[in-house]
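1. One predicted model, sequence on top.
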Amino acid sequence: MYLAIDDTDSSNSMCTTYIIERIITESKYDIIGYPELVRLNPNISYKTRGNGALNINLGRGSGEKILIGFSSGRKIYGFERMYMDADEDDVIEMASSIVGDLSELDDPKTNPGIVVSNERLDEHLYKKALQEDININYIENIIKNKRYKKFKNGHGIIGAAASLAWNKKRVTYELLNYRYPHYENIEKDKKMDIAMIPEKYQSTFNNIDYRNKYPAIFPKPKTPVIFGIRGISRDDIFKSYMEIRENYKIDDEAAIIYKTNQGTDDHILHEPELLNDLGSYRLTGTISSMPFSIEGGHHFIGFTYHGYSLYLAAFEPTKEFRHVIDSLIPGDIVSAYGSLDGNTLKLEKIDVIYTADLLKNEPPFCTKCNVKTRSKGKNDYRCPVCGARYHTPRITKIKRGIEPGRYEVPVIARRHLSMPLKLASHFGLQ
Ligand code: ATP
């Protein structure tokens, strides 16, 4: 029996993943497979942080069992198969009580939703939830024959239902560990040292941003999450987690490894004919203006894609990535990845495919004396030796400040769903 939940936290406390951990620990059922952490449209305005929804499959398990975490010293396993489904009423009752107790219901923006289903939902819903702002009535119509529970306006049923439609074509893992209500302060330097541990494994990603001194495995607000290690190998994730736990004496109460769509670029639609606000795209087109910046350190450049005139944006948080934008000129051809807000594509990464020639006028050489002429005004050049006059400049190419290649925002500015370039070959992309 699938149980999905979303929208339980506020911006400064709780985390829906912690509620799932509590449900896993307190439930009388086994977990089938892994718990799932599914990120949805990153451009939804009412998200708290990373627009993540969670689901688990509950029942009596059989077949091989895989370690998926621990809670209060007890090991938690995910089973390969289900031999008996969980009782629907039991599941909704138990989940409602835990969600009701732990959710930040006083926060006006917190509207938890629970969906229970004995089957996955059609993947079209997942794709839609990555691109659009879905109306709650649309979801209630899809789940009308299922058990679901809304707290307050129940907006969380949108993310919850969409998480059950995740097609799992591209999968990564994240291990999150917890202490409720939050772990005591770890100083910044120590956080940087800790974040170096998973970084030793090539299969992990988004651990640390050295350049910007940002230990990305730690959440910014205080929540029950202590840290999260992301990667494509669950073994490497577990090894680095154990090393951190032992070396730094981290006194966590639980840790769970999730299957996720993080780092998969599942939100990116490739080269569509029509663009919609709030969608995320890869668009191949031509740079159409010189770069410019506005107050606050946000950098932009004009870009044409099919009939669309857009701006590509590298906002201040993207730090050194802004130099990439500054190095482009009209005529360059790029594939830009990002999300659309009005006529601005907020960049996550960019493939520079072709760099146009950057030309400069220089004084020509005197054909008789073979010395460089001197400029005496517009298109007026004189030989300093024989005085011969020339009216046509010599056109030379200037070395460009950028080469064709792939460029991505630094870890500090990376979105959960964005595929880091280092994962491209893992997912069979060149
Ligand atoms: P956290 O990551 O800390 O759990 P969050 O960023 O996921 O928080 P929520 O508090 O869960 O934010 O709020 C997200 C809200 O957006 C939920 O109500 C969810 O149902 C809803 N939602 C998710 N995707 C869509 C979508 N495509 N269209 C409309 N609503 C959506």
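-> Done, it's in.
2. Show me what residue 59 is bridged to.
-> residue 30, residue 85 (DSSP bridges).
3. got the contact list for it?
-> 1, 29-30, 32, 82-86 (C-beta atoms under 8 Å, 6 or more residues apart in numbering). In short, each C-beta sits where N, CA and C put it, glycine included.
4. now do residue 10
-> With the criterion set at C-beta under 8 Å, 6+ apart, residue 10 makes contact with 48, 104, 107, 109-110.
5. same thing with residue 71?
-> Per C-beta under 8 Å, 6+ apart, neighbours of residue 71: 21, 24-25, 253-254, 256.
6. export the contacts of residue 10 to a markdown table and tack on distance to the ligand and pLDDT?
-> Compiled in a markdown table, the contacts of residue 10 are given as follows (distance: C-beta to the nearest ligand atom, whole Å; pLDDT from 0 to 100):
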| residue | distance to the ligand | pLDDT |
| --- | --- | --- |
| 48 | 3 | 76 |
| 104 | 9 | 91 |
| 107 | 9 | 91 |
| 109 | 7 | 91 |
| 110 | 6 | 94 |
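7. List only those of these flagged as buried.
-> Among the contacts of residue 10, those classed as buried by neighbour count (16 or more other C-beta atoms under 10 Å) are 48, 104, 107, 110.
8. Correct me if wrong: the first one contacts residue 9.
-> Yes: at 5.5 Å, residue 48 counts as touching residue 9 under the criterion of C-beta atoms under 8 Å.
9. quick revisit: including secondary structure, could the buried ones among the contacts of residue 10 go into TSV?
-> Below are those laid out as TSV (DSSP: H, G, I helix; E, B strand; the rest coil):
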residue	secondary structure
48	coil
104	coil
107	coil
110	coil
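10. And those residues, which is closest to residue 407?
-> Among the buried ones among the contacts of residue 10, residue 48 lies closest to residue 407 (C-beta to C-beta), at 29.6 Å.
11. So the protein: which segments form each domain?
-> For the chain, the structural domains run 2-260, 268-355+400-423, 358-398, going by automatic domain parsing.
12. Contacts only, for residue 63.
-> Applying C-beta under 8 Å, 6+ apart to residue 63 gives the contacts 79-81.
13. List only those of those residues flagged as buried.
-> residue 79.
14. can you put the contacts of residue 63 in CSV and add distance to the ligand and pLDDT?
-> Shown next, in CSV, are the contacts of residue 63 (distance: C-beta to the nearest ligand atom, whole Å; pLDDT from 0 to 100):
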residue, distance to the ligand, pLDDT
79, 26, 98
80, 28, 97
81, 29, 97
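15. which ones are touching residue 205?
-> Taking C-beta under 8 Å, 6+ apart, we find residue 205 in contact with 172, 230-232, 263, 420, 422-423.
16. Residue 411 contacts residue 216, doesn't it?
-> Yes: look at residue 411 against residue 216 with C-beta under 8 Å: they come within range, at 5.1 Å.
17. If anything else comes up later, I'll come back, but that's it for now.
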